[in-house]
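Trainee: I'd like to go over a predicted model; first the sequence, then the structure.
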Amino acid sequence: MSGFNLRGAILENVSGSSQDDVEATIVDALQSGEEKMLPGLGVLMEIYWKEASEAEKKEMTERISSALQ
């Protein structure tokens, strides 16, 4: 079994991305609908979550919860 670190590879791939680059990555992942893009979106959400204020986290979870209804 290899020691491949998917999170690390994704972080390396997006490191130094501009706001436009990040938006393009998200839009491309959503438009393509490919499941292989889901880990990358998860890592981007993890990055956001770690930097978000408590208010931003609350807003995000409220929006997601509302959209799931």
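Mentor: In hand now; what should we look at?
Trainee: which residue ranges form the helices in the protein?
Mentor: All helices of the chain, identified by DSSP state H, fall at 6-14, 19-32, 38-51, 54-67.
Trainee: Quick one: residues contacting the residue nearest to the spatial centre of the chain.
Mentor: Geometric centre of the chain, nearest residue: L44, 2.5 Å, by C-alpha atoms, centre = their mean. Neighbouring residues of L44 by C-beta atoms under 8 Å, 6 or more residues apart in numbering: 14, 22, 25-26. Backbone N, C-alpha and C define where each C-beta goes, glycine included.
Trainee: can you list contacts of stretch 6-20?
Mentor: Stretch 6-20 is contacted from outside by 21-22, 25, 39-40, 43-44, 46-47, using C-beta under 8 Å, 6+ apart.
Trainee: that older thread, which among the contacts of L44 end up buried?
Mentor: Buried members of these, counted by 16 or more other C-beta atoms under 10 Å: T25.
Trainee: Closest one of the contacts of L44 to K58?
Mentor: Comparing those against K58 with C-beta to C-beta places I26 closest, at 21.2 Å.
Trainee: ok, now how distant is the closest one from Q69?
Mentor: Distance of I26 to Q69, given as C-beta to C-beta, to the nearest Å: 23 Å.
Trainee: what is the mean pLDDT for stretch 10-25?
Mentor: Averaged over stretch 10-25, pLDDT sits at 95.
Trainee: Next: stretch 53-67.
Mentor: For stretch 53-67, mean pLDDT rounds to 97.
Trainee: Show me which positions of that stretch end up buried.
Mentor: Neighbour counts over stretch 53-67 (16+ other C-beta under 10 Å) mark no residue as buried.
Trainee: any idea how far that stretch is from the chain center?
Mentor: The chain centre lies 15 Å from the centre of stretch 53-67; the measure is C-alpha atoms, centre = their mean, to the nearest Å.
Trainee: could I get it in PDB with only the CA atoms?
Mentor: Provided in PDB are the C-alpha atoms of stretch 53-67 (Å, rounded to 0.1, in the frame of the first residue of the first chain):
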ATOM      1  CA  SER A  53     -15.400  33.000  12.100                       C
ATOM      2  CA  GLU A  54     -18.000  31.400  14.200                       C
ATOM      3  CA  ALA A  55     -20.600  33.600  12.500                       C
ATOM      4  CA  GLU A  56     -19.400  32.400   9.000                       C
ATOM      5  CA  LYS A  57     -19.600  28.800  10.100                       C
ATOM      6  CA  LYS A  58     -23.100  29.300  11.500                       C
ATOM      7  CA  GLU A  59     -24.200  31.000   8.200                       C
ATOM      8  CA  MET A  60     -22.700  28.200   6.100                       C
ATOM      9  CA  THR A  61     -24.300  25.400   8.100                       C
ATOM     10  CA  GLU A  62     -27.600  27.200   8.100                       C
ATOM     11  CA  ARG A  63     -27.500  27.600   4.300                       C
ATOM     12  CA  ILE A  64     -26.500  24.000   3.800                       C
ATOM     13  CA  SER A  65     -29.200  22.700   6.200                       C
ATOM     14  CA  SER A  66     -31.800  24.900   4.500                       C
ATOM     15  CA  ALA A  67     -30.800  23.700   1.000                       C
END
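Trainee: Lovely, talk soon.
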